[in-house]
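Novice: pasting the sequence and the predicted coordinates here, then a few questions.
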Amino acid sequence: MGRKLYVGNLGYDVSGPDLEQLFAGHGTVASVNVITDRDTGQSKGFGFVEMNSDAEAGTAIAALDGKDFGGRTIKVNEAKPRPTGGGGGGGRDRW
């Protein structure tokens with residue numbers, strides 16, 4: 001298991017310090033990143049938390065997945081690596 005966790009279904013007003021406080025009860029938090037829209041700065045409703053160890057990450061998942069946080073049922077699981085390779089668009093067709 002990895003130490004980086006995906007946290008989904010967050011309220012749009014949830015901040016990094018809010019997540020850090022929530023996860024700190026389950027181990028040492030190494031980093032927190034709430035994902036925001038590049039143009040508006042508005043939260044996209046998900047983020048990532050990195051715990052200090054795999055064991056702490058597992059404890060946090062067990063304790064927090066499916067729990068109410070700010071009136072929403074949050075989803076907490078191991079973060080999946082970003083896919084690499086094509087399919088993202090932005091390229092130019094060559095004829």
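Specialist: Happy to help now that I have it. Residues are numbered from 1 along each chain as shown.
Novice: any idea which element the residue lying closest to L10 once chain neighbours are set aside lies in?
Specialist: Spatial nearest neighbour of L10, excluding adjacent residues (Cβ to Cβ, 6 or more residues apart in numbering): G45 at 5.1 Å. Every residue, glycine included, has its C-beta placed from N, CA and C. Element membership for G45, per DSSP states H and E: strand 43-51.
Novice: quick one: average confidence on that strand?
Specialist: Averaged over strand 43-51, pLDDT sits at 96.
Novice: do the same with stretch 12-28
Specialist: On average, stretch 12-28 scores 95.
Novice: can you check stretch 66-81 too?
Specialist: On average, stretch 66-81 scores 95.
Novice: so G8 makes contact with A79?
Specialist: No. The criterion here is Cβ atoms under 8 Å, and G8 misses it with A79 at 10.5 Å.
Novice: before we move on, the earlier item: and the contacts of the strand holding G45?
Specialist: 3-14, 16, 19-20, 23, 26-37, 57, 60, 79 (Cβ atoms under 8 Å, 6 or more residues apart in numbering).
Novice: buried ones in the next helix or strand after that strand, by neighbour count?
Specialist: Later in the chain than strand 43-51, the nearest helix or strand by DSSP H and E is helix 54-64. For helix 54-64, the neighbour count (16 or more other Cβ atoms under 10 Å) marks E56, A57, G58, T59, A60, I61, L64 as buried.
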